[in-house]
Every structure is written in C-alpha cells, then in structure tokens.
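1. one predicted model, sequence on top.
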Amino acid sequence: MPHEIDQNTRLWYVALPYTHKDVLVVQARVNAFCELDAYLNEQGVQTISPILKQLILDRSATLPSSWEFWKTLSYRLLKSCDALLVYQLAGWESSTGVQAEIAYAKECGLPIVYAKVKTPKEEVCAMMKEQECQLLR
C-alpha cells in the first residue's frame, strides 16, 4: 500500500547562485545553502534544489557546473514544486541559472519568496510558511 502524502505539505524549490571561478566562494555558497536548507527541513518545510544532486555527484564524477548542463533538471524539479525560494547570496542577480529559474517560476505561476542572506533563518521560514498558508486558501 502506498504511503499517503499530506496534501498540505508544500515542496519548495531553492534557487541560489552556485558557479564561481573562486572555489572558496562556491564553498561559502554551499555552506550557506546547507545551513538554511537543514534549518528549513527541521522546521517541516520540504525543499529541493539541483545543488543537492550536484554536491553528491561531484564526489564521484566531475560534472559541468554550467546552466546549460543543469537547466533540464532544474526546470523539471521546479515544475514539480509549489513555490520558489530565491536565496539572495552575492551574485544572485547576475546568475544565469537563478534568473532563468525565476522567469520559469513566473511562467508556471508559482509564488516566489526572496530571502536576503542577512535575514534570520527563522524569518525566512516564517515567510515561507505564510506563503504556504496563502496557497491553501
């Protein structure tokens, strides 16, 4: 018998800039994402991001980090989500991937929440949960 899914649980796509020529910048972005994502999941906010797959696969293979390589998966995941969280790490405005994800979310009519880096995790979570309540109305 299949496991029943709580229909009130929303799935959030987390977009953030990833690629950078400086490996330390990439690592800082990964660390910031992991910290926020872990907190959100601890609070019951379900999330997905292609960054997770890239982090796992990079351990066993050298994969391209280009938007062209990741866009099909990104669009497929995003289309399956209920909303988009844009984590505004430095470089998000010039990130080809993040801007394409925002445009695609708008095309799909998905709600978008923007979270600045300095915003406390608790406040980001509250904004997302408020958006979830609006989706249920």
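-> Sure, I can see it. Everything numeric here is computed off the predicted structure, so don't read it as measured data.
2. please count neighbours and contacts with C-alpha atoms only from this point.
-> Noted.
3. how about the helices in this protein?
-> Along the chain, the segments classed as helices by DSSP state H run 23-42, 50-57, 67-80, 96-107, 121-136.
4. deepest of those, which one?
-> helix 96-107 (a mean of 17; mean count of other Cα atoms under 10 Å).
5. pull the distance from that one to the chain's centre.
-> 12 Å (Cα atoms, centre = their mean, to the nearest Å).
6. so which elements touch that helix?
-> helix 67-80, strand 83-88 (3 or more Cα pairs under 8 Å, 6 or more residues apart in numbering; DSSP states H and E).
7. give me that answer again for 7 Å
-> Contact partners of helix 96-107 among helices and strands, from 3 or more Cα pairs under 7 Å, 6 or more residues apart in numbering; DSSP states H and E: none.
8. so which of the helices of the chain is nearest Leu89?
-> helix 23-42 (7.2 Å; Cα to Cα).
9. and the contacts of that closest one?
-> When contacts are defined by Cα atoms under 7 Å, 6 or more residues apart in numbering, helix 23-42 is touched by residues Tyr18, Thr19, His20, Thr47, Lys121, Cys125.
10. tell me which two of those residues sit farthest apart.
-> Based on Cα to Cα, the longest span within the contacts of helix 23-42 runs between His20 and Cys125 and measures 27.1 Å.
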